[in-house]
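S.K.: Show me how the following folds:
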Amino acid sequence: MTVSEKRKRLFQELNADAVLLKTSDRMPDSAVRYFTGLQKHFLSSNVLVLKPGKRPLLLKSVLEPKISVNGLQVKRIDKGKQFKTVVKKELRGVKRLGINRPLYTSLALRELRKITGKKKLVDVSKQIASLRAIKSEGELNCLAKSCKIAEKVAAAIPGLFKKGMTEKQLGLEIEIMLREKGDNVLPFPVIVASGRNSAYPHSVLTDKRISKGLLLFDFGAYSKNYCSDISRVFCVGKPSKRQRQLYATVFAAKQLGQAMIRPGVSQGKIFDEANAFLKKKTGKKLIHGLGHGLGVDAHDFPEGFLHGNREKLQKNMVLTVEPGVYGKFGGIRIEDDVVVTAKGCRPLTKAPAELTQIR
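M.R.: Sure, this is the predicted structure:
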């Protein structure tokens, strides 16, 4: 499904004369990237107006570089007053206007009302989410390339590591590789967590020198606007028996989750099964979801493997599977990306089955 086909499909699923999507630093909306195909670093302050059967209009700030995209009207705006004039003209005759309502604050909605007047504002967020959850062959190819980039970087980590390195220094080396091999933008900050820092799932890079013990990584790449997201665990020095056992248990939980993935299975059920397995084997339950949707965002649609999520899997959904256990020993999280197939799932990345030693 091409970008233009996505836009056409959107209007087949909603009752609106036009859709207005806005992205800015204060109110980012990756749906603008989804419906234009433009990369993240080209869209810091933009408005996209979609109409059925017509070329989309993208309004950009004059502070951003000029771009030219086939099938897309691009106008550069230098003043707020000019922006309002252009949007009002573009929405002339529109009675029902679709917006991504959950992203709007009360203030942003009042500002929009000044432009749209008495037009009926329709929340189209569910239709956008449904469309984004099912990937086309073209999207799957981009995701697969992004995953290959992440795996190449993961394989290079033992060679990047130098004795005495800090988390921050190693993280920078990884970031450079991800940017060079991908779209020169990251889906989220690189995580390098050594020792007890690995006990925090959302650890940040620090000046802590990497010493012997567990070393956890979480990072992703972009390729043609689609991202990957993987977690890998290494051991600096010879791993202990307990570290190897914990890694094997987490890996088994990941395999259990992946084996359950197929169309028609609820995402919450897969979380519950993996969580029960970990609790039985380690005495520790999952403190985060088992995985999430993946697409133009690292956390995309569908919502993912969360307790209580009754949404059922469908063919061509792409998700992460990332069980983890954490404690005073540190943390072990293994994350791979998979695509739902007609009868199961196909891994886009493959973590090592055993804890890898860095000498």
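S.K.: per-residue pLDDT, residue 26?
M.R.: As predicted, residue 26 sits at a pLDDT of 82.
S.K.: what separates it from residue 173, distance-wise?
M.R.: Distance, residue 26 to residue 173, using C-beta to C-beta, to the nearest Å: 32 Å. For the C-beta atoms, the positions are set from N, CA and C on the backbone; glycine is no exception.
S.K.: likewise residue 255?
M.R.: For residue 255 relative to residue 173 (C-beta to C-beta), the value is 30 Å.
S.K.: quick one, which of those two is more surrounded?
M.R.: Set side by side, residue 255 and residue 173 show more neighbours around residue 173, with 19 against 16, by other C-beta atoms under 10 Å.
S.K.: Check the gap between the residue lying closest to residue 120 once chain neighbours are set aside and residue 108 for me.
M.R.: Nearest non-adjacent residue to residue 120, counting by C-beta to C-beta, 6 or more residues apart in numbering: residue 96, 4.7 Å away. Using C-beta to C-beta, residue 96 is found at 19 Å from residue 108.
S.K.: cool, and residue 290?
M.R.: The value you get for residue 290 to residue 108, if C-beta to C-beta is used, is 34 Å.
S.K.: which one of these two has more residues nearby?
M.R.: Using other C-beta under 10 Å as the criterion, residue 290 and residue 108 rank with residue 290 on top: 29 against 15.
S.K.: isn't that one right up against residue 304?
M.R.: Yes: counting by C-beta atoms under 8 Å, residue 304 is a contact partner of residue 290 at 7.5 Å.
S.K.: Just say helix, strand or coil for the residue of the chain most remote from its centre.
M.R.: When each C-alpha in the chain is compared with the mean C-alpha position (C-alpha atoms, centre = their mean), residue 93 comes out farthest, at 36.4 Å. Three-state assignment for residue 93 (DSSP: H, G, I helix; E, B strand; the rest coil): coil.
S.K.: Which residue is the nearest non-sequential neighbour of it?
M.R.: Nearest non-adjacent residue to residue 93 (C-beta to C-beta, 6+ apart): residue 17, at 7.5 Å.
S.K.: Centre-most residue in this structure?
M.R.: residue 298 (1.1 Å).
S.K.: check contacts around the residue lying closest to it once chain neighbours are set aside.
M.R.: Nearest residue to residue 298 in three dimensions, chain neighbours excluded: residue 187, at 4.0 Å (C-beta to C-beta, 6+ apart). Neighbour list for residue 187: 220-222, 227-229, 297-298 [criterion: C-beta atoms under 8 Å, 6 or more residues apart in numbering].
S.K.: With distance to residue 100 as extra columns, can I get those residues in TSV?
M.R.: Shown next, in TSV, are the contacts of residue 187 (distance: C-beta to C-beta, whole Å):
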residue	distance to residue 100
220	23
221	26
222	22
227	20
228	25
229	23
297	13
298	18
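S.K.: Now intersect these with the strands, please.
M.R.: Mapping the contacts of residue 187 onto strands (DSSP state E) picks out 222, 227.
S.K.: Low-confidence stretches in the protein?
M.R.: Within the chain, not a single segment meets pLDDT under 70.
S.K.: what comes up buried for the helix or strand harbouring residue 126?
M.R.: Using DSSP states H and E, residue 126 sits in helix 125-133. The neighbour-count check on helix 125-133 (16 or more other C-beta atoms under 10 Å) flags 127-129, 131-133 as buried.
S.K.: For residue 257, which non-adjacent residue is spatially closest?
M.R.: Using C-beta to C-beta, 6+ apart, the nearest residue to residue 257 is residue 274, at 4.5 Å.
S.K.: ok, that neighbour touching residue 253?
M.R.: Yes: using C-beta under 8 Å, residue 274 is in contact with residue 253, at 4.9 Å.
S.K.: what's the neighbour count on the residue nearest to residue 120?
M.R.: Residue 96: 14 surrounding residues under other C-beta under 10 Å.
S.K.: Same question for residue 117.
M.R.: When neighbours are counted by other C-beta under 10 Å, residue 117 registers 8.
S.K.: Let me know the distance separating it from residue 85.
M.R.: According to C-beta to C-beta, residue 117 stands 14 Å off from residue 85.
S.K.: quick one, what contacts the residue nearest to residue 213 when sequence neighbours are not counted?
M.R.: Nearest non-adjacent residue to residue 213, counting by C-beta to C-beta, 6+ apart: residue 195, 4.9 Å away. Applying C-beta under 8 Å, 6+ apart, we find residue 195 in contact with 208, 211, 213-214, 330.
S.K.: now residue 195: how far from residue 212?
M.R.: Counting by C-beta to C-beta, the gap from residue 195 to residue 212 is 8 Å.
S.K.: Residue 153 too?
M.R.: In terms of C-beta to C-beta, residue 153 sits 23 Å off from residue 212.
S.K.: tell me which residues of stretch 11-20 are tucked away?
M.R.: Residues of stretch 11-20 classed as buried: 11, 14, 16-20 (neighbour count, 16+ other C-beta under 10 Å).
S.K.: same question, stretch 219-239
M.R.: 219-236, 239.
S.K.: Convert it to PDB, retaining C-alpha atoms only.
M.R.: Extracted C-alpha coordinates of stretch 219-239, given in PDB (Å, rounded to 0.1, in the frame of the first residue of the first chain):
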ATOM      1  CA  PHE A 219      18.000   0.700  20.600                       C
ATOM      2  CA  GLY A 220      16.500   0.900  17.200                       C
ATOM      3  CA  ALA A 221      17.100   2.200  13.700                       C
ATOM      4  CA  TYR A 222      15.000   4.000  11.100                       C
ATOM      5  CA  SER A 223      14.900   2.900   7.400                       C
ATOM      6  CA  LYS A 224      12.700   4.800   5.100                       C
ATOM      7  CA  ASN A 225      10.600   6.100   7.900                       C
ATOM      8  CA  TYR A 226      10.000   2.800   9.700                       C
ATOM      9  CA  CYS A 227      11.800   1.700  12.800                       C
ATOM     10  CA  SER A 228      13.100  -1.300  14.700                       C
ATOM     11  CA  ASP A 229      13.400  -1.800  18.400                       C
ATOM     12  CA  ILE A 230      15.600  -4.500  20.000                       C
ATOM     13  CA  SER A 231      17.100  -5.300  23.400                       C
ATOM     14  CA  ARG A 232      20.200  -7.300  23.900                       C
ATOM     15  CA  VAL A 233      22.100  -8.500  27.000                       C
ATOM     16  CA  PHE A 234      25.800  -9.200  27.200                       C
ATOM     17  CA  CYS A 235      28.100 -10.200  30.000                       C
ATOM     18  CA  VAL A 236      31.400  -8.500  30.500                       C
ATOM     19  CA  GLY A 237      33.600 -11.300  31.700                       C
ATOM     20  CA  LYS A 238      32.600 -14.800  32.300                       C
ATOM     21  CA  PRO A 239      28.900 -15.100  33.200                       C
END
